[in-house]
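# pasting the structure only:
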């Protein structure tokens, strides 16, 4: 087999991932269009010379496409059924097929139309495996409001965490100045400083520390998550101040 540079291999991996993401969302919204297929064929031809590597990539794309398609089809069937366990499994099977930065979009599409007793446990379970959620922070509050309070569906660890919180909570958010109104906050200022300094995503262009307050008894408090030891509160604070980091 021809020698493959790290750059070409990485490009191939990204191409497969992009193809599968497009395939997934087109399966949700409707038939996979021929022009999308042609776009990826063109990329393969343009970026890779004929040979074993391109053949291997084509096989990988066909395999991944079939795998994603079958899980999307099962998700639709599970939603049409009255079997809650089947639906939970289908949501998990679909949501796991992506990296952490693409997972939130997939979780939204997989769960936006399910009942609260399915929705909230799915979000509690998958939220710690989500990264870079800022892209969807403008629509998440409305999605959460539509499902009602999450408190009745808290697991034991969440309930214990919730019970020790004061009624009025000061929360912090470290981010770029353009993402100050997100839903991911922390009760630990040092965690906010970590994200303002780059965190897992790289330093923002204009890093800030945002401070807010939230009443844990109100509908703007969605849920808490400490699975990543970040003292995270998913909420929409009502009083906000912004300071440069």
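Nice, thanks for sending it over. Predicted model, so just to flag it, every value in this text is computed and none were measured.
# Now the residue nearest in space to the middle of the chain: which helix or strand?
With distances taken as C-alpha atoms, centre = their mean, the residue of the chain nearest its centroid is residue 104 (1.7 Å). Here residue 104, judged by DSSP states H and E, is contained in helix 100-111.
# Who are the packing partners of that helix?
Taking 3 or more C-beta pairs under 8 Å, 6 or more residues apart in numbering; DSSP states H and E as contact, the helices and strands that helix 100-111 lies on are helix 6-29, helix 84-95, helix 116-126. The C-beta positions use only the backbone N, C-alpha and C, and glycine is treated the same way.
# Can you give the contact residues for that helix?
Residues outside helix 100-111 that contact it (C-beta atoms under 8 Å, 6 or more residues apart in numbering): 17, 21, 24-25, 28, 75, 90-91, 94-95, 97-98, 118-119, 122-123, 126, 129-133, 135-136, 139, 143.
# Just the buried ones from these?
Among the contacts of helix 100-111, those scoring as buried are 21, 24, 75, 90-91, 94-95, 97-98, 118-119, 122-123, 126, 129-130, 133, 136, 143 (criterion: 16 or more other C-beta atoms under 10 Å).
# how about residue 220, phi and psi?
phi -80, psi -10 (degrees, to the nearest 10).
# hang on, I meant residue 211
The phi/psi pair for residue 211 (degrees, to the nearest 10) reads phi -120, psi 130.
# isn't it right up against residue 241?
Yes. Here residue 211 reaches residue 241: they are 5.0 Å apart, a contact under C-beta atoms under 8 Å.
# More neighbours: these two, which one.
More neighbours surround residue 211 than the other of residue 211 and residue 241, with 18 against 12 (other C-beta atoms under 10 Å).
# list the contacts for that one?
170-172, 240-243.
# likewise residue 81?
Under the criterion of C-beta under 8 Å, 6+ apart, the contact list for residue 81 reads residue 87.
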